[in-house]
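# Could you look at this predicted model? Sequence included:
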2 protein chains.
Amino acid sequence: MHGHRLEKREQMKRQSPRKAAVTIRDVARESGFAASTVSIVLNNAPLARYIPPATKARIQKAAKGLGYHPNIFAKSLRSKRNHTVGVILFDITDPYCTLILRGIEKSLYQESYLPILADAHNERARFEKYLEMMLERRVEGLLVLANWLYLDINVLADLERGKIPTAIIGRELESNATSSVTVDDEGGAYAAVAHLYSLGHRKIAFIRGPKALSSSKARWKGVQRFARDTRLDLDPKLAVDLPDQVNLNAGVDDAFRITEELLKQKKSFTALMAYDDMTAFGALRALAKAGIKVPQECSIIGFDDVNPSHLFVPSLTTVRQPMEAMGASAVSILIEAISAAAENRSGTAIHRKLPAELVIRETTQAVP
Amino acid sequence: MHGHRLEKREQMKRQSPRKAAVTIRDVARESGFAASTVSIVLNNAPLARYIPPATKARIQKAAKGLGYHPNIFAKSLRSKRNHTVGVILFDITDPYCTLILRGIEKSLYQESYLPILADAHNERARFEKYLEMMLERRVEGLLVLANWLYLDINVLADLERGKIPTAIIGRELESNATSSVTVDDEGGAYAAVAHLYSLGHRKIAFIRGPKALSSSKARWKGVQRFARDTRLDLDPKLAVDLPDQVNLNAGVDDAFRITEELLKQKKSFTALMAYDDMTAFGALRALAKAGIKVPQECSIIGFDDVNPSHLFVPSLTTVRQPMEAMGASAVSILIEAISAAAENRSGTAIHRKLPAELVIRETTQAVP
DNA sequence: GAATTATACCGAATCGTTTCAATAAAACAA
DNA sequence: TTGTTTTATTGAAACGATTCGGTATAATTC
């Protein structure tokens, strides 16, 4: 007779003959209890403490038997929660993002959250559209990976408009209202020059990052601080800025060009400190083309320790950003903010600055 | 007086003083029409053809004025659609994934779909958990990026259990029921050896992929076919397999070790064809350590053209997989399958095999 | 001028949950 | 015994949209 009833039902909703999803009421009928009871048991709600084990068991068996999966839309509609966070990044092609993403994913997984991914392609319009989409989907929180972010102050405004828990990775916003996780750029750069200095290098060339990037300033500040501390002479002719631009690979090409010019002007240097690993790759290529041996004739140090850096021959000495940890840290901040918001406590913004770590590999060597 | 009413309302729902989301009923009240009318207008439903422009305008103005965003949960609850697809990959750390992800994202964006990202870390349990989570969220479709996928036949079963539109990238399932997008591994490998051959190389070493990977077989088949076609002699002593393993970077290390052994056994070769770019990187390092100049003394060719390959010095000659195109292709298949499912047509599985492209760079050179 | 049709809008039901107030029986206290 | 508390379960009201069947006008046709 079961088959019979099913048939009838099938007939009634002729318009959609797809497998009719099993609802909580099906479980209720099957187990002989009311839908509300089923809900209470299955969610282990407070009221469940009054429900005797026997009942619980029967309901659970029925649910499993029917292959019941609660409809998440209905669930979210009531509870206003969906265990989803939005992750907006600015260029997934950037290897820097990858490891952070890994860190984010790992932590999110532990909390049973799932990320919705959006790649802004470094375009303001795309960012806004995605932000809009995320808000419409009512993600519970937002993670923004803003390393190569040229779009400036207004993005901030956009972000805060949402009034949704948010953490930014790789940059600190001017208004401190939004939590952030950054790396200690200044300290990292300080350690990098210090390393070169300790190897005997005194004539050091610098390829600084684009002016528009806050990390450029911070890293240069680290260099200057070291110079002051040790009376190292910084030759302004040997310090060049990468142009502001949006394309990642263009950065490598720019570094290549800049290094060639640096070589051409006959200002000699025994070491080169690049803004980041990508920049270092470009420089490496220029030096190779000029027939200058790394590290024998010129040392090179990068920043970030992106994935390919250790693969290079010679492998790149660099300053590592703890990217997985940064991702994890951002998630922990976000989850905390989310539960604060859920309980109507208003958590204050948190700003974490993680230490960078010098990774000595093959591209740096003592000056002969 | 507006402020007054707001105040009162705020008071009533004291329990949640957060910004009360504006609902369709608010728009209805504000515009003076019924909620149903508002819905019809805002969605431009069929019935909207009877609604005079003046009314439409008033409703739209009210909606905009209040900053109305439809609640997506309520919407999905009725329509059973949520414009979300799940993307499961097996190691986001793999640069191979990155570009495919970019391709996926681009296409999805155009269709106003958003991806939920899951990284299985090459673990079966994680994959299953994520699959479960995706199904519970009722994603409309599933994209599986299965390049480095060791988990075999059973995953297939899992996937088909879901009865949800699915496309697999990077591997074809034995049962043809699930759509797939792959690259022409055999043709690519053929082109790669052909390139080496045309440069005069006759003693070629091969580092083949792990036996468990289907692409390993296909690529080797391409090599064999070329060998038959041209009577090139393949020395079995010069063909080694990478061990089956799960860790990506371990692959590089294995390649390094294997290359060293290859060199040690004094079987001379003038070119080396690596299973993929990562393998080539490992080999490159081994050759450098042995003091063998690339490409002057030994040519190297990889496969994939992952992101760092063109950055290397010397830059890597390789066979490019059209990764963005593969992502895009998978999305188009998936979207089609989704709308087929929505209209209850049963689309058949599609299998696309995209051509690989030889990219000649600096690591290959004519034999002296 | 009556009958028909097109136009403009609305009320109520529905999607599948959760939650809260209500109830009834059982256990306990006086 | 009566009254109170605890235990066990439920019906109904949300949550915020969509949609279908209706109704009330206005315009058209005969």
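Structure received.
# which residues in the stretch 201-350 of chain A form strands?
With DSSP state E, counting those that start in this stretch as the criterion, the stretch 201-350 of chain A has strands at A:204-208, A:239-241, A:271-274, A:299-301, A:318-320.
# Can I get the first one as CSV, trimmed to CA atoms?
Taking C-alpha atoms only, strand A:204-208 is exported to CSV below (Å, rounded to 0.1, in the frame of the first residue of the first chain):
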residue,chain,number,x,y,z
ILE,A,204,72.5,47.2,-2.2
ALA,A,205,70.0,48.0,-4.9
PHE,A,206,66.3,48.1,-4.2
ILE,A,207,63.3,47.6,-6.3
ARG,A,208,60.5,49.0,-4.2
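# picking that back up, nearest to DNA strand D, out of the strands of the stretch 201-350 of chain A?
DNA strand D sits nearest to strand A:318-320 of all the strands of the stretch 201-350 of chain A, at 46.1 Å, using C-beta to the nearest atom of the strand. The way it works is simple: take the backbone N, C-alpha and C, and place the C-beta from them, glycine included.
# who does that closest one touch, helix- and strand-wise?
Here strand A:318-320 touches helix A:185-198, strand A:357-359, going by 3 or more C-beta pairs under 8 Å, 6 or more residues apart in numbering or on different chains; DSSP states H and E.
# still on that earlier bit, could you dump the strands of the stretch 201-350 of chain A into JSON lines and include mean pLDDT, mean neighbour count and distance to residue B:36?
Output for the strands of the stretch 201-350 of chain A, formatted as JSON lines (pLDDT from 0 to 100; neighbours: other C-beta atoms under 10 Å in any protein chain shown; distance: least, C-beta to C-beta, whole Å):
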{"stretch": "strand A:204-208", "mean pLDDT": "97", "mean neighbour count": "24", "distance to residue B:36": "61"}
{"stretch": "strand A:239-241", "mean pLDDT": "96", "mean neighbour count": "17", "distance to residue B:36": "60"}
{"stretch": "strand A:271-274", "mean pLDDT": "98", "mean neighbour count": "28", "distance to residue B:36": "62"}
{"stretch": "strand A:299-301", "mean pLDDT": "98", "mean neighbour count": "27", "distance to residue B:36": "66"}
{"stretch": "strand A:318-320", "mean pLDDT": "98", "mean neighbour count": "25", "distance to residue B:36": "59"}
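# ok, residue A:349 touching residue A:175?
No: checked against C-beta atoms under 8 Å, the pair residue A:349 and residue A:175 is beyond contact range at 9.1 Å.
# ok, those two, which is more surrounded?
Set side by side, residue A:349 and residue A:175 show more neighbours around residue A:349, with 17 against 12, by other C-beta atoms under 10 Å in any protein chain shown.
# out of the strands of the stretch 201-350 of chain A, nearest to DNA strand C?
strand A:318-320 (43.9 Å).
# chain center to the closest one: distance?
Taking C-alpha atoms, centre = their mean, to the nearest Å, one finds strand A:318-320 lying 18 Å from the centre of the chain it belongs to.
# low-scoring pLDDT stretches of chain A, where are they?
Along chain A, the parts satisfying pLDDT under 70 run over A:1-20, A:148-158, A:161-162, A:246, A:248.
# Could you chop it up by domain?
Domains of chain A are assigned by automatic domain parsing as A:2-70, A:80-182+A:324-355, A:185-321.
# Output those domains as TSV; include the columns distance to residue B:184.
As requested, those are exported to TSV (distance: least, C-beta to C-beta, whole Å):
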stretch	distance to residue B:184
domain A:2-70	36
domain A:80-182+A:324-355	24
domain A:185-321	26
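# Next, format those domains as CSV and append distance to DNA strand D.
Listed next are the domains of chain A as CSV, based on distance: least, C-beta to the nearest atom of the strand, whole Å:
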stretch, distance to DNA strand D
domain A:2-70, 3
domain A:80-182+A:324-355, 8
domain A:185-321, 36
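# can you tell which of these is closest to residue B:24?
Residue B:24 sits nearest to domain A:80-182+A:324-355 of all these, at 13.9 Å, using C-beta to C-beta.
# quick one: the helices in chain A?
In chain A, the helices defined using DSSP state H lie at A:2-12, A:24-31, A:35-43, A:53-66, A:72-79, A:95-110, A:124-136, A:153-161, A:185-198, A:214-230, A:248-264, A:277-289, A:323-342.
# Quick one: closest of those helices to residue B:212.
helix A:95-110 (23.7 Å).
# buried ones in that closest one?
Neighbour-count burial for helix A:95-110, with 16 or more other C-beta atoms under 10 Å in any protein chain shown as criterion, is recorded at A:95-105, A:107-109.
# and that helix, how far out from the chain's middle?
Centroid separation for helix A:95-110 versus its chain: 6 Å, with C-alpha atoms, centre = their mean.
# Export it to CSV, keeping only CA atoms.
What follows is helix A:95-110, C-alpha atoms only, in CSV (Å, rounded to 0.1, in the frame of the first residue of the first chain):
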residue,chain,number,x,y,z
PRO,A,95,50.3,32.5,-6.0
TYR,A,96,50.3,34.6,-2.9
CYS,A,97,46.5,34.0,-2.7
THR,A,98,46.7,30.3,-3.0
LEU,A,99,48.3,29.6,0.3
ILE,A,100,46.1,32.0,2.2
LEU,A,101,43.1,30.4,0.6
ARG,A,102,44.4,27.1,1.9
GLY,A,103,44.6,28.5,5.4
ILE,A,104,41.1,29.9,5.1
GLU,A,105,39.7,26.7,3.8
LYS,A,106,41.3,24.6,6.5
SER,A,107,39.9,26.7,9.3
LEU,A,108,36.5,27.1,7.8
TYR,A,109,36.3,23.4,7.3
GLN,A,110,36.8,22.8,11.0
